[in-house]
Every structure is written in structure tokens, then in C-alpha cells.
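Chemist: Got a sequence here, can you model it:
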Amino acid sequence: HLQAYGLGWFLEDYRGRMVVHHGGNVDGFTALVAMMPEERFGVVFLTNMNGTGPPNALMRKLFDLQLKAPAKDWAGEGRTRLAAQRARARQMQARQESQRVANTKPTLPLSAYAGTYVDSLYGDVVVKEENGKLQLTFGPVWRGELEHYHYDAFRVKFDTPVLPQVPVTFQ
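Modeler: The predicted structure follows:
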């Protein structure tokens, strides 16, 4: 199915009708606004779960009901897709873990990694040594402890429930 982007809205054909929609996620919340202008029909979903799939499935289910289209198991398809994505993620994580070299140490003392790292797109990332550990801060809200992985690679677990561990490699 084809999709375009116009003035901040995703535009797509759905069963011969134009659908205009946009959704997003913020720490612990998901929102979706979707309309079929030709049908003068729209829906808004607000949830207290980050990155959850049901709003998209419900949108399509409600659009099907509005159009009197044949029933389709959108939730089932979403569960199947999610299970496949999780299986791929587990395989990738296992592959990455198999490449981890055990019992290595950082090349430098922890204090040598401390500093402000600047990127023209992402801005400043600040690394500080506190109580014999490295702390990473990114932007106004992302903060977490760096855990040594191997060599000069670390993992940071930010103080937020929505992100997994993020790899950080010093070069």
C-alpha cells in the first residue's frame, strides 16, 4: 500500500478512500488521529502505553465498519507481526551477545571518557564519572549509568521505561 506525507499528515489510500492520519509516542503514551474526509469520519486514540499497536488496528477496524467492508482480523495480524519482530530482536540480541568478548577492560581509566561530546544533529552528550561509574546525560531528560560491555563499548540504560539498553562505543 502506498503512503505519502503532506503538511505533517500521512496520506494513504485505504479501500479506495483517502485516509489522513498521524500518530506519535512520548514517554509512556501513544496517540493517533485519523480521518477519512470523503466519509466525513474520523477517530482519535489516546493511550497510556508507549509504542502500542492497538490504535492502528482499531483505526482500520472502525474504517472497515464505516465502509461496510468485509471483516478482517487486524488485531491478529498485528500480534503475528509483533511476534515476528520480537523473534528477530531476540535473534539479533543473541548474535550480539555471542560477539561479546568476556573479561575485557576499558582501554582508558574511566575519568578519561568523561567530557562533553558534541554532534551537529543530536547536540551535547555529557559523560561524567561519579562514584567510580560513568553517567551519561543526553538532552534535558535522558540520564543513565554506563555499564562496561567489552573493550571501549558500554551500554546505557536510561532512567525511562520506554527504551532498552543503548550501545555506546568510545573511539
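Chemist: got the end-to-end distance for stretch 39-55?
Modeler: 20 Å (C-alpha to C-alpha, to the nearest Å).
Chemist: Just the buried residues of that stretch, please?
Modeler: Using 16 or more other C-beta atoms under 10 Å as the test for burial, stretch 39-55 gives 41-43, 45, 52-55. All C-beta atoms are positioned from the backbone trio N, CA, C, and that covers glycine.
Chemist: Give me the subset of the residues you listed lying in helices.
Modeler: Under the assignment DSSP state H, the buried residues of stretch 39-55 contribute 54-55 to helices.
Chemist: any idea which of the buried residues of stretch 39-55 is the one closest to Thr107?
Modeler: Closest approach between the buried residues of stretch 39-55 and Thr107, by C-beta to C-beta: Thr52, at 41.1 Å.
Chemist: Find the nearest non-adjacent residue to the closest one, please.
Modeler: Closest residue to Thr52 apart from its sequence neighbours, by C-beta to C-beta, 6 or more residues apart in numbering: Thr30 at 5.1 Å.
Chemist: cool, and Arg155?
Modeler: Computed as C-beta to C-beta, 6+ apart, the closest residue to Arg155 that is not its neighbour in sequence is Gln165, at 4.3 Å.
Chemist: Show me which of the buried residues of stretch 39-55 is closest to Tyr117.
Modeler: For Tyr117, the closest of the buried residues of stretch 39-55 turns out to be Thr52, at 32.8 Å, with distances computed as C-beta to C-beta.
Chemist: okay, that closest one: pLDDT?
Modeler: Listed pLDDT for Thr52 reads 84.
Chemist: and it, what are its phi and psi?
Modeler: Listed backbone geometry of Thr52 is phi -90, psi 150, with angles given as degrees, to the nearest 10.
Chemist: how about stretch 130-149 as CSV, C-alpha atoms only?
Modeler: These are the backbone C-alpha positions of stretch 130-149, laid out as CSV (Å, rounded to 0.1, in the frame of the first residue of the first chain):
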residue,chain,number,x,y,z
GLU,A,130,30.6,9.7,39.6
ASN,A,131,31.5,7.3,42.4
GLY,A,132,33.6,5.1,40.2
LYS,A,133,31.0,4.8,37.5
LEU,A,134,30.2,6.7,34.3
GLN,A,135,26.9,8.6,34.0
LEU,A,136,25.6,9.7,30.6
THR,A,137,23.2,12.6,30.1
PHE,A,138,21.6,13.4,26.8
GLY,A,139,19.3,16.4,26.5
PRO,A,140,17.1,17.6,29.4
VAL,A,141,15.7,14.2,30.4
TRP,A,142,17.8,11.3,29.3
ARG,A,143,20.2,10.1,32.0
GLY,A,144,21.7,6.7,32.8
GLU,A,145,24.6,4.7,34.0
LEU,A,146,27.1,3.4,31.5
GLU,A,147,27.8,-0.3,32.1
HIS,A,148,31.0,-1.8,30.6
TYR,A,149,30.3,-4.2,27.8
